[in-house]
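S.K.: Below are the sequence and a predicted model; questions follow.
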Amino acid sequence: MASVLDNGTLRRTAPPGSGSDTRTRDRRKRRDALAATVFLTPSMVAFTLFVIIPALGAFGLSFFSWDLFGSPQWVGVDNFTRLFKDAQMWTSLRVTVEFVVLGVIPTVVLGFVLAVLINNKMRGMGALRILYFAPMVASSAVAAVLWSYMYDDRAGVANRVLGWVGVSGPAWLSSTTWALPALTVMMIWLALPLVMILYLAGLQRIPADIYAAASLDGAGRWRQLWSITWPNVGPTTILVTTLQVINFVSGSFEISLIMTNGGPLGHTQSLALYSYQVAFHQTEMGYASALSLFQLALIGLAVGLFKLLSRIRRSA
Amino acid sequence: MTTITAPAAPGRRGANWSAAGRYAVIVLCGLIMALPLFYLLSASLMSQHDIRAYPPHLLPPKVVWHNYTEAYHFLTARVIVNSFVFSFGILLVQLVITIPAGFALAKIPFRWSGAMLAVIVVPMFVPSNMTLIPLYVVTHQLGLVDSYAGMILPIAGQTAFATLLFRQFFSSLPAGLIDAAQLDGAGWTRTLVSVALPLAKPALAAYCSISFLTAWNTYIWPQVIAPDHEHAVMTVALAPLASGQYTLMSPSVGMAAAVISMLPVLVVFIVFQRWYINGVVGTGLE
């Protein structure tokens, strides 16, 4: 994130040759300010209307009870106290945690390994990379149509493939045990291309001479992977993990909504999905906002914890 | 074999073998990643009977092309057109508002640019489902529910990514170039349109491919704001199939519809792959 802010620092001086006398400089300054205002206004209006107001709105709404049509009723912190008494909230919290625990680490590790694998200049790599990035073109709707059929207990290929190794698979999406892991596997598949792309960029920033020095010191390829490559992509790992925590907490709800609608028996209903249903089926906008704020706090907590852990490990 | 070039290559004796092995692993993993999509293609060509067979077929025993005609009738031209209107609408609106914004933040010296940049960056890390509810409320208050404007404008208004992308690109242009144009007496608009923009093709290619792909694949927003057939996009039309509504229709037709909906983004992705990846990486997300 730092590079967004630090590189390309603005030139605060007027272009050379514009004359040192203050009158022209003032006029130039005014002209710059006018141009900047004109250039930025449309974008800022849209941004305010559709990003800032909604963000503040989410916060504000959570103190009201509102069905979208009547006038909002101030209820103070009732929505937040209700959270903790709501059994469905606790179930969906557990589902959310399960999505994160099952999903994030495999996505990050697999993404790293695959990125290392395709980070070379062999012939035909360009075409091969398209295979790796292919899931990127699938929308969640396409993926859902495809995978829900692959998970079918009789006609689905998932169980056929498992059959080859002697496993007889369950009816994935209607099993209270297996629906969530099944959705997680599919989400990992969908998320891997982006993770690989980010890691590839990270890998290509590692200077080649570090490796040369290491192999002179007699470090083997695996040793290099663990002691040079992995620590050197640390910043990427933090970024990727943050994005994936958000993805599995929040992005997962689209998949559950399309494929299982939170079922069977609420076993794939994450907080995000629960909040969506409270908002758009029960039209309780206030409580739904409180749920999503609670979810944001959880993401912040998870990301903060992760950053803390990685700092401790580094200093140990 | 032993030469003085490439002194640092480890284990050169087995290099040919290990290179071949690596290559095999790379191809194999790539195939595994793409396998579900190959299956999608294969299933879209199966007959109604074959796709329901037990044990399931991996390849169609008999290729049935007319699944695609049926899929087209299921999707309808209207829905396909809606997807294009939605995606291009977002792309164009955002392009028009974010190019000048990115340019101003990169090249025009003024007091608030740092603060504005900070405001733009933060929401990129707020989960989208969180703002869904208030965004719906805002759109509802504006009276834009069930309209193209309601589908397009709120998404186009999420300008953070595009603004940063263009800012990043324009920052990389040499200062001398802009100064020269200014010395020639060009105003900022002329400088942007006739000096900076013609050089911005890589940034435009990155933006257009990313934006098109993202918009095309968006499901939740169009579903929430305009689910009626008149405005439904392809993702909205496809989603109900995932809960197994195949009583009236063969699953293979559903698969064919999924393939149809993927074609435009597949083409865009293959053609623009390089710029797409540069754009994802190059916005300074890190």
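M.R.: Cool, got the structure.
S.K.: Any regions of the chain where pLDDT drops low?
M.R.: All of this is about chain A. Where chain A drops to pLDDT under 70, the residues are A:1-21, A:314-316.
S.K.: hm, I was asking about chain B
M.R.: Checking chain B against pLDDT under 70 turns up B:1-16, B:245, B:282-286.
S.K.: The most centrally placed residue in it sits in which helix or strand?
M.R.: Geometric centre of chain B, nearest residue: B:Leu213, 2.0 Å, by Cα atoms, centre = their mean. Using DSSP states H and E, B:Leu213 sits within helix B:201-217.
S.K.: so what does that helix touch, helix or strand wise?
M.R.: helix A:140-150, helix B:66-107, helix B:160-172, helix B:251-282 (3 or more Cβ pairs under 8 Å, 6 or more residues apart in numbering or on different chains; DSSP states H and E). (Each C-beta comes from the backbone N, C-alpha and C, glycine too.)
S.K.: Sort out which residues of the helix or strand following the second one are buried, please.
M.R.: Proceeding N to C from helix B:66-107, the next assigned helix or strand is helix B:113-121, under DSSP H and E. The neighbour-count check on helix B:113-121 (16 or more other Cβ atoms under 10 Å in any protein chain shown) flags B:Ser113, B:Met116, B:Leu117, B:Val119, B:Ile120, B:Val121 as buried.
S.K.: what does stretch B:124-141 give?
M.R.: Applying 16+ other Cβ under 10 Å to stretch B:124-141 flags B:124, B:126-139 as buried.
S.K.: which of the residues you listed sit farthest apart?
M.R.: The span of those, defined through Cβ to Cβ, is set by B:Met124 and B:Val137 at 21.6 Å.
S.K.: is chain A contacted by the helix or strand following the helix holding B:Leu213?
M.R.: Per DSSP H and E, the first helix or strand lying C-terminal to helix B:201-217 is helix B:220-225. Yes - looking at helix B:220-225 against chain A by Cβ under 8 Å from any Cβ of the partner chain, the contacts come from B:Ile220, B:Val224.
S.K.: Quick one: list the elements packing against the next helix or strand after helix B:220-225.
M.R.: Using DSSP H and E, the helix or strand that follows helix B:220-225 in sequence is helix B:234-238. Applying 3+ Cβ pairs under 8 Å, 6+ apart, one finds that helix B:234-238 contacts helix A:140-150, helix B:66-107, helix B:220-225, helix B:251-282.
S.K.: tell me the most buried of the helices and strands packed on helix B:201-217?
M.R.: helix A:140-150 (a mean of 27; mean count of other Cβ atoms under 10 Å in any protein chain shown).
S.K.: Touching that one from outside, list them.
M.R.: The contact list for helix A:140-150 (Cβ atoms under 8 Å, 6 or more residues apart in numbering or on different chains) reads A:135, A:138, A:155-158, A:173, A:182, A:186, A:189-190, A:254-255, A:258-259, B:36-37, B:39-40, B:43, B:217, B:219, B:234-236, B:238-239, B:241-244, B:251, B:254-255, B:257-258, B:261-262.
S.K.: Dump it to CSV, restricted to CA.
M.R.: Coordinates of each C-alpha in helix A:140-150 appear next as CSV, following Å, rounded to 0.1, in the frame of the first residue of the first chain:
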residue,chain,number,x,y,z
SER,A,140,-19.4,-17.0,-9.5
ALA,A,141,-22.6,-17.8,-11.4
VAL,A,142,-20.8,-19.8,-14.0
ALA,A,143,-18.7,-21.6,-11.4
ALA,A,144,-21.8,-22.3,-9.3
VAL,A,145,-23.7,-23.8,-12.2
LEU,A,146,-20.7,-26.0,-13.1
TRP,A,147,-19.6,-27.1,-9.6
SER,A,148,-23.1,-27.7,-8.3
TYR,A,149,-23.4,-30.3,-11.0
MET,A,150,-20.0,-31.7,-10.5
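S.K.: so after it, what's the next helix or strand?
M.R.: Next along from helix A:140-150, by DSSP H and E: helix A:157-164.
S.K.: Could I get the buried residue list for that next one?
M.R.: Those would be A:Val157, A:Ala158, A:Asn159, A:Arg160, for helix A:157-164 by 16+ other Cβ under 10 Å.
S.K.: go on, stretch A:104-122?
M.R.: A:Val104, A:Thr107, A:Val108, A:Leu110, A:Gly111, A:Phe112, A:Leu114, A:Ala115, A:Val116, A:Leu117, A:Ile118, A:Asn119.
S.K.: which residue sits closest to the fourth one, ignoring its sequence neighbours?
M.R.: To tie it back to what came earlier, the one meant is A:Leu110. A:Leu192 (6.2 Å; Cβ to Cβ, 6 or more residues apart in numbering or on different chains).
S.K.: and stretch B:194-207, how far apart are its ends?
M.R.: 19 Å (Cα to Cα, to the nearest Å).
S.K.: what does that stretch rub up against?
M.R.: Contacts for stretch B:194-207 (Cβ under 8 Å, 6+ apart): B:95, B:99, B:103, B:107, B:162, B:165-166, B:168-170, B:173, B:177-178, B:181, B:186, B:272, B:275-276, B:278-279, B:282.
S.K.: ok, so what distance separates A:Leu257 from B:Val137?
M.R.: 20 Å (Cβ to Cβ, to the nearest Å).
S.K.: What segments of the stretch 151-300 of chain A are helices?
M.R.: A:157-164, A:179-204, A:208-216, A:221-224, A:230-232, A:234-246, A:252-259, A:271-280, A:285-315 (DSSP state H, counting those that start in this stretch).
S.K.: For the fourth one, buried residues please.
M.R.: Looking back up the chat, that one is helix A:221-224. A:Gln224.
S.K.: Quick one: work out the angle between the strand or helix carrying B:Leu41 and helix B:66-107.
M.R.: Assigned by DSSP H and E, B:Leu41 falls within helix B:15-43. On the basis of axes from the mean of the first three to the mean of the last three Cα atoms, to 10 degrees, helix B:15-43 is oriented at 120 degrees to helix B:66-107.
S.K.: Report the contact partners of residue 157.
M.R.: Picking chain A for this. Counting by Cβ under 8 Å, 6+ apart, A:Val157 has contacts A:Met150, B:Tyr39, B:Pro56, B:Leu58.
S.K.: if you could check chain B rather than the one you did, that'd help
M.R.: A:Ala46, A:Phe47, A:Leu49, A:Phe50, A:Val51.
S.K.: Repeat that for A:Pro264.
M.R.: A:Pro264 touches A:Leu173, A:Ser174, A:Ser175, A:Thr176, A:Ala179, counting by Cβ under 8 Å, 6+ apart.
S.K.: Please pick the buried ones from those.
M.R.: Among the contacts of A:Pro264, those scoring as buried are A:Leu173, A:Ser174, A:Ser175, A:Ala179 (criterion: 16+ other Cβ under 10 Å).
S.K.: Reformat the contacts of A:Pro264 into TSV and put distance to chain B next to each item.
M.R.: Listed next are those as TSV, based on distance: Cβ to the nearest Cβ, whole Å:
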residue	distance to chain B
A:Leu173	9
A:Ser174	10
A:Ser175	15
A:Thr176	17
A:Ala179	13
